[in-house]
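**Student:** Attaching a predicted model along with its sequence, questions to come.
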Amino acid sequence: EAQVTQNPRYLITVTGKKLTVTCSQNMNHEYMSWYRQDPGLGLRQIYYSMNVEVTDKGDVPEGYKVSRKEKRNFPLILESPSPNQTSLYFCASSPPQGRLAKNIQYFGAGTRLSVL
Amino acid sequence: AQSVAQPEDQVNVAEGNPLTVKCTYSVSGNPYLFWYVQYPNRGLQFLLKYITGDNLVKGSYGFEAEFNKSQTSFHLKKPSALVSDSALYFCAVRLSGGSYIPTFGRGTSLIVHP
């Protein structure tokens, strides 16, 4: 089954304790991205990756890191989490055919993070 | 710069009645427009998109949307609502020749009453 898998689905942590949220897709998609969803703000893009070893900042990259060593994986790293990073996080991927900007995105089920 | 506005936080409709979820956008060029739906505890799912061509776009689950360039709108519609349509709906825009960073609206909660 074609899917985007995020882990963990739920995470409670404390300020300053490094964490990683994993994202994996099995559709051979080149484009992957991370979003955070906050009430009243919709989805905001954190980072995106056009291909292996190619990453770029989205609208709200501060406090986050990503890596893209393999095509299928795109982990989100919070080196020193803070309470304002408490949010619902989504990973997404898009197929490479044609003009990328018009392609639909496939989303993971989400990771709910609470930073105390 | 690009932006999306979903002016209603919540839309209530009775089952069987037509529904409309509003979306207006602003881009400095030709837009690519998308609607996604989010069910509780799930990720977003694609509903439909407008790239070019016919202004009326048909999508999944009986939804459709009309691109109106003069009003810069892309309202989501369905002729007859179902209780199972109750969910959070997001409109998104990308500039056709620009960045791959999409802009999403804040979301509209659709509640269909039995």
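**Tutor:** Looks like it came in fine.
**Student:** ok, stretch B:42-57 near chain A or not?
**Tutor:** Yes. Counting by Cβ under 8 Å from any Cβ of the partner chain, chain A is contacted by stretch B:42-57 at B:Arg42, B:Gly43, B:Leu44, B:Gln45, B:Phe46, B:Lys49, B:Ile51. C-beta: built from backbone N, CA, C; applies to glycine.
**Student:** where's the fourth one, which helix or strand?
**Tutor:** By that I understand B:Gln45. Using DSSP states H and E, B:Gln45 maps to strand B:44-50.
**Student:** if we can go back for a sec, of the residues of stretch B:42-57 next to chain A, just say which sits nearest to A:Gly42.
**Tutor:** Closest approach between the residues of stretch B:42-57 next to chain A and A:Gly42, by Cβ to Cβ: B:Leu44, at 10.6 Å.
**Student:** tell me the mean pLDDT for the strand holding B:Gln45?
**Tutor:** The average pLDDT within strand B:44-50 is 92.
**Student:** strand partners of that strand, parallel vs antiparallel please.
**Tutor:** Under the criterion DSSP bridges, strand B:44-50 sits next to strand B:31-38 (antiparallel) in its sheet.
**Student:** what separates the residue of chain A found nearest chain B from B:Lys77, distance-wise?
**Tutor:** Of all residues in chain A, A:Phe107 sits closest to chain B, with a separation of 3.4 Å (Cβ to the nearest Cβ). Counting by Cβ to Cβ, to the nearest Å, the separation of A:Phe107 from B:Lys77 is 23 Å.
**Student:** Tell me the residues of chain B that contact chain A?
**Tutor:** B:4, B:6, B:32, B:34, B:36, B:41-46, B:49, B:51, B:90, B:92, B:94-98, B:100-102, B:104-107.
**Student:** Please, where are all the strands along chain B?
**Tutor:** Secondary structure of chain B (DSSP state E): strands located at B:3-5, B:10-14, B:19-21, B:24-26, B:31-38, B:44-50, B:56-58, B:64-68, B:73-78, B:87-95, B:103-104, B:108-113.
**Student:** JSON lines for these, including mean neighbour count and distance to A:Tyr89?
**Tutor:** Below are the strands of chain B laid out as JSON lines (neighbours: other Cβ atoms under 10 Å in any protein chain shown; distance: least, Cβ to Cβ, whole Å):
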{"stretch": "strand B:3-5", "mean neighbour count": "16", "distance to A:Tyr89": "20"}
{"stretch": "strand B:10-14", "mean neighbour count": "14", "distance to A:Tyr89": "24"}
{"stretch": "strand B:19-21", "mean neighbour count": "21", "distance to A:Tyr89": "25"}
{"stretch": "strand B:24-26", "mean neighbour count": "17", "distance to A:Tyr89": "25"}
{"stretch": "strand B:31-38", "mean neighbour count": "24", "distance to A:Tyr89": "14"}
{"stretch": "strand B:44-50", "mean neighbour count": "20", "distance to A:Tyr89": "12"}
{"stretch": "strand B:56-58", "mean neighbour count": "14", "distance to A:Tyr89": "29"}
{"stretch": "strand B:64-68", "mean neighbour count": "18", "distance to A:Tyr89": "27"}
{"stretch": "strand B:73-78", "mean neighbour count": "20", "distance to A:Tyr89": "25"}
{"stretch": "strand B:87-95", "mean neighbour count": "23", "distance to A:Tyr89": "15"}
{"stretch": "strand B:103-104", "mean neighbour count": "22", "distance to A:Tyr89": "14"}
{"stretch": "strand B:108-113", "mean neighbour count": "17", "distance to A:Tyr89": "20"}
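**Student:** Now for the residue of chain A closest to chain B: which residues touch it?
**Tutor:** The contact partners of A:Phe107, by Cβ atoms under 8 Å, 6 or more residues apart in numbering or on different chains, come to A:Val4, A:Phe90, A:Cys91, A:Ala92, B:Tyr36, B:Gly43, B:Leu44, B:Gln45.
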